[in-house]
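Trainee: One predicted model, sequence on top.
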Amino acid sequence: MQTNNLLRQDLSAIESIEAAIEIIDVEIGKNPWSLTVGKTPLERVHKLLSKLDSIRRNKERGSVVLETEKDLSNNYVGQIESIFKNLSKPLK
């Protein structure tokens, strides 16, 4: 499991990305909606991040954003930000 790799100090960039994807997938997997959007962790995380970005861009342009999309954005943006903030930082 890639998440175990986060404890290592010699992670490659690819291993770090794979671990982050796995962590996000586990967290979003707690919502039944997320289980239907992809077969692999990468597909699920990619689709979710793409959808969130689309919602963000629509808001910025002043386009109408459906209530369900606002709910989706509200449910996941903070959660994903928190995951990234809590990832281990590279040592200098």
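Mentor: Looks like it came in fine.
Trainee: what distance separates the longest helix belonging to the chain from the centre of its chain?
Mentor: With secondary structure taken from DSSP state H, the chain has its longest helix at helix 41-61. Computed by Cα atoms, centre = their mean, to the nearest Å, the chain-centroid distance of helix 41-61 equals 9 Å.
Trainee: Could you number the chain from 360 rather than 1 from now on?
Mentor: Fine by me, first position is 360 from now on; the one you just mentioned is helix 400-420.
Trainee: Contacts for it, please.
Mentor: 380-381, 383-384, 387-388, 393-394, 396-397, 423-424, 428-429, 431-432, 435-436, 439 (Cβ atoms under 8 Å, 6 or more residues apart in numbering). Quick note: C-beta positions are derived from backbone N, CA and C, even for glycine.
Trainee: per-residue pLDDT, residue 366?
Mentor: Looking at residue 366, its pLDDT reads 55.
Trainee: Kindly report the same for the one 3 residues further on.
Mentor: In the predicted model, residue 369 carries a pLDDT score of 71.
Trainee: that older thread, which members of the contacts of helix 400-420 are positioned in helices?
Mentor: Those of the contacts of helix 400-420 lying in helices (DSSP H): 380-381, 383-384, 387, 428-429, 431-432, 435-436, 439.
Trainee: In these, find the pair that's most separated.
Mentor: Spatially, the most separated pair among these is 381 and 429, at 27.6 Å (Cβ to Cβ).
Trainee: neighbour count winner among the two?
Mentor: residue 381 (19 against 12; other Cβ atoms under 10 Å).
Trainee: I'd like to know how far the more buried one sits from residue 439.
Mentor: Counting by Cβ to Cβ, to the nearest Å, the gap from residue 381 to residue 439 is 13 Å.
Trainee: Any of the contacts of helix 400-420 buried? List them.
Mentor: Burial by neighbour count, judged by 16 or more other Cβ atoms under 10 Å, picks out 380-381, 383-384, 387, 393, 424, 428, 431-432, 435, 439 from the contacts of helix 400-420.
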